[in-house]
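Enquirer: Here is the input, now give the coordinates:
(2 chains)
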Amino acid sequence: MIPLLQTLLDGLVLGGVYAFAAVGFSLIFGVLGVVNLTHGVFVVLGAYAALLLHEVVGLDPILGLPLVMAALFALGYLYQRTLIAAAVERASLVASLLVTFGVALMARNLLQIVASPDVRSIATAYSFAGLSLGPLRIDLVRAAGLLTSLVLLFGLALLLNRTAFGRAIRATAQQPVGAALSGVNVRHVHGLTFGLGGAFAGASGAVIGMMLPFTPSSEAAWTLNAFVVVTLGGVGSPQGALLGGLLLGVIATLTAQYVGPAFQNAAMFLVLVLMLLLRPQGLLGHAFAASR
Amino acid sequence: MTTRILATLVFLAVLAAAPAFVPPFEVRVLSLFCFWGALSLAWNILGGFAGYWSFGHTVFVGVGAFVPGVIVAKLFDGGGAELMPLLVLVGGLVSAAFAGIIAWPLLRLRGIYFAIAMLGVAQVTGELSAAIEWIGGGVGLSLPDAVPAALAPEAFFHYIFVGLLALTIGAAAWVRGARFGQGLLAIREDEDTARMLAVPTEGYKIAALVLSAFLTGLLGATYGFSLGYITTDSVFRTDFSLNMIVHALLGGIGTIAGPLLGAAVMVVLTQVVLGEMLNLHLFATGALVVAMVLLAPQGFLGLWRRKPRAQREPGP
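Expert: Predicted coordinates:
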C-alpha cells in the first residue's frame, strides 16, 4: 500500500509541474488557435536563464522567477507580433505550425552551439533535503516546485477570470471580430497572450531545471508533453491544464513503477490517442473552433 | 502528357547511368536524392493529395527496416543475403499492414490531431522496438551483405534506389490521374462535402495511407540493407519524418515534381554546400522552412507557376 501511495504522490507532484509547463501552450492554442511548437524552447530557455542567474548572481531559481518571466514575456510578445502574425496573415494557421517548427529547430541548434549540448541541472542548497509526511517522503525541491506551480496557476486563473485584461483575452478567444467591435485591440491582445504563454513556459522551465536534468533537445519532449496535457484536460484554461497535467503525471509514474520505465511514453501516447478518439475536446474542454 | 512521361523516363535513365560516369561520392549523393525524393513523394500521396499531414512517417521506414532485420536474425541466423528482394518486399508489406491497422482509429482524427497522433505512433513504436528484447532494436540487428561481387556497393544500392524512385513516381502519377486521386483531392479541399457527394472518403484515406506506407516500407527496408546494421536510433528518426514534409513543402505540396525538386535542393544544400558544417544543418533547415512559409507558401513550383489558387491552404 505504501509504495502505491508513494508512487501516486510522486505522480501528482510531477503532474503539477507538467500542468504548469503546459498552461502557456494551452492559452496560446485556445486564444490564437496557434499550435506553438516553440513552446518547449521557451521552457528550456527558462531553465537556462535560471541556471545563468543561479551561477552568475547566485539567485535562487524561485526568487529569480519574475526576471525570467519578464524576459520571456517580452520575447513571446515580439515573436508573435513579428513572425507568427506574419505567417498567419500571409498564409494560414497551418503555416504557423510550420513556422514555429522551423524556429524551434533553429533555436535548438543555436542553444546547442551557445550552451553546449551537455546535460545540465540547477543544484540549489536544499537540493538533497526532503520532507516526511508520515511514511511518505517528498523532496524539498519538488515540494517547492509544486507549490510555485500551483500558486502561479491560481494566479493565472484569477487574471483570466477576474480582471478586465482577462476578459479581453477570453473575448478574443471566443470571437475575435466581436471583441474588436467592442473596442479590444485584438492584435495587441494576441501579442500579450503569446507573451503570457511564453512567460509561464519560462517560469516552468526554471522550476523544472531544479527537479530534472535538461539539454537543448529537451524542448521537443516538453512541447509534446504540453500537447498531451492539453488534449487530456482541454484547451485554453488553467483548470484543464491542471487536470490534464495531474493525470499525465500519475500515468507516467505508475507506468514507470509497475510496467517499466521504457514504457512510460508508450502509455502516455496510448492514453492520448484514446482520448483523441473518445473526447477530442478534452475532459474539461469546450469544443473550440481551433481544436477540431 | 506523353512528353512528360518521356522526360521522366530520360531523367530516370540518366540517373541510373550515373555510376558508370561519376565518382563514388557523387553516386552516393545521387542515391540520397533518389531515397529522399521517393520518401517525400510517398508521404505526399497522403499528405499532399489528401491533406492529411503525417508527422511520424518515419515509423514506416523503421518497420520496413526492422522486419527483414528480425527475420534474418530469427530464421536465417544472419544469412539469407540472396533473399534480399523478397525480404524488402516483406518489409513493405508488413509496413502496409501496420498502416492498415492504425488507419482505422487514426484517420478519424483531422488536421493537427492526426499529425500529432502520427508523431506519437512513431515515437512509441520506436521506443517499443528498443524496449522489447525479442526485437532487439536497442542492441541493433545486422542485415546480410547482398552486394554481388561484380558491383561496387554504392552502385548496387544506387540502382535499387533509382528503381524504387521510378516505382514511386509511377504510383503517384497513377494516383493523381485516377478517380482515387481525384477523390483524395476532394477530401483535401472539403472532406464533409466530398463525403456528401458520395466519395468513399473513409476507404480512400485508408488506401492512401496503406499505399504510402508500402512504398515507405520498401524504401526503409532497402535503406536498412544499405546500412548493413540497424538500431532504433538509425531508422526511427524524427528528422526523417520532418525531411519528408520539408522537401514536399519546398518544392510544392500535392504535386509530383515538387517533392523531387525539394529533395534535390535540400540534398545539394546539406551534402554539398553545408557538407563541412554538420552542426548548422538543423539551423539551415529551420531557416529555410520559415523563409518558405513566409515568402513562398506554395513552394518553388508555386513561384514558377504563379497560378491563382484558393486562399485556403491544404493540410492540417
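Enquirer: and the next element down the chain from whichever strand or helix holds residue B:114?
Expert: Using DSSP states H and E, residue B:114 sits in helix B:111-131. Next in sequence after helix B:111-131, counting helices and strands by DSSP H and E, comes strand B:141-142.
Enquirer: where does the stretch 201-316 of chain B have low pLDDT?
Expert: B:275, B:305-316 (pLDDT under 70).
Enquirer: before we move on, the earlier item: just list what the helix holding residue B:114 packs against, helices and strands only.
Expert: helix A:93-115, helix A:218-233, helix A:264-278, helix B:58-75, helix B:84-106, helix B:232-235, helix B:238-251 (3 or more C-beta pairs under 8 Å, 6 or more residues apart in numbering or on different chains; DSSP states H and E). C-betas here are computed from N, CA, C, even on glycine.
Enquirer: Need the per-residue pLDDT for residue B:13.
Expert: Predicted confidence (pLDDT) at residue B:13: the value is 91.
Enquirer: Just the CA trace of the helix or strand containing it, in PDB.
Expert: Using DSSP H and E, residue B:13 sits in helix B:2-21. Coordinates of each C-alpha in helix B:2-21 appear next as PDB, following Å, rounded to 0.1, in the frame of the first residue of the first chain:
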ATOM      1  CA  THR B   2       3.400  11.800 -73.400                       C
ATOM      2  CA  THR B   3       6.300  14.400 -73.300                       C
ATOM      3  CA  ARG B   4       6.100  14.300 -69.500                       C
ATOM      4  CA  ILE B   5       6.400  10.600 -69.400                       C
ATOM      5  CA  LEU B   6       9.200  10.700 -71.900                       C
ATOM      6  CA  ALA B   7      11.000  13.400 -69.900                       C
ATOM      7  CA  THR B   8      10.600  11.400 -66.700                       C
ATOM      8  CA  LEU B   9      12.000   8.200 -68.400                       C
ATOM      9  CA  VAL B  10      15.000  10.100 -69.700                       C
ATOM     10  CA  PHE B  11      15.600  11.600 -66.300                       C
ATOM     11  CA  LEU B  12      15.500   8.200 -64.600                       C
ATOM     12  CA  ALA B  13      17.700   6.700 -67.300                       C
ATOM     13  CA  VAL B  14      20.300   9.400 -66.800                       C
ATOM     14  CA  LEU B  15      20.200   8.900 -63.000                       C
ATOM     15  CA  ALA B  16      20.500   5.100 -63.500                       C
ATOM     16  CA  ALA B  17      23.500   5.500 -65.800                       C
ATOM     17  CA  ALA B  18      25.400   7.700 -63.300                       C
ATOM     18  CA  PRO B  19      27.600   5.100 -61.600                       C
ATOM     19  CA  ALA B  20      29.300   4.500 -65.000                       C
ATOM     20  CA  PHE B  21      30.400   8.100 -65.300                       C
END
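Enquirer: thinking again about what came up before, compare the mean pLDDT across the helices and strands packed on helix B:111-131 and name the weakest.
Expert: Lowest mean pLDDT of the helices and strands packed on helix B:111-131: helix A:264-278, a mean of 80.
Enquirer: can you pull the buried residues of stretch B:78-87?
Expert: Buried residues in stretch B:78-87, counting neighbours by 16 or more other C-beta atoms under 10 Å in any protein chain shown, are found at B:80, B:81, B:83, B:84, B:87.
Enquirer: All set, thanks.
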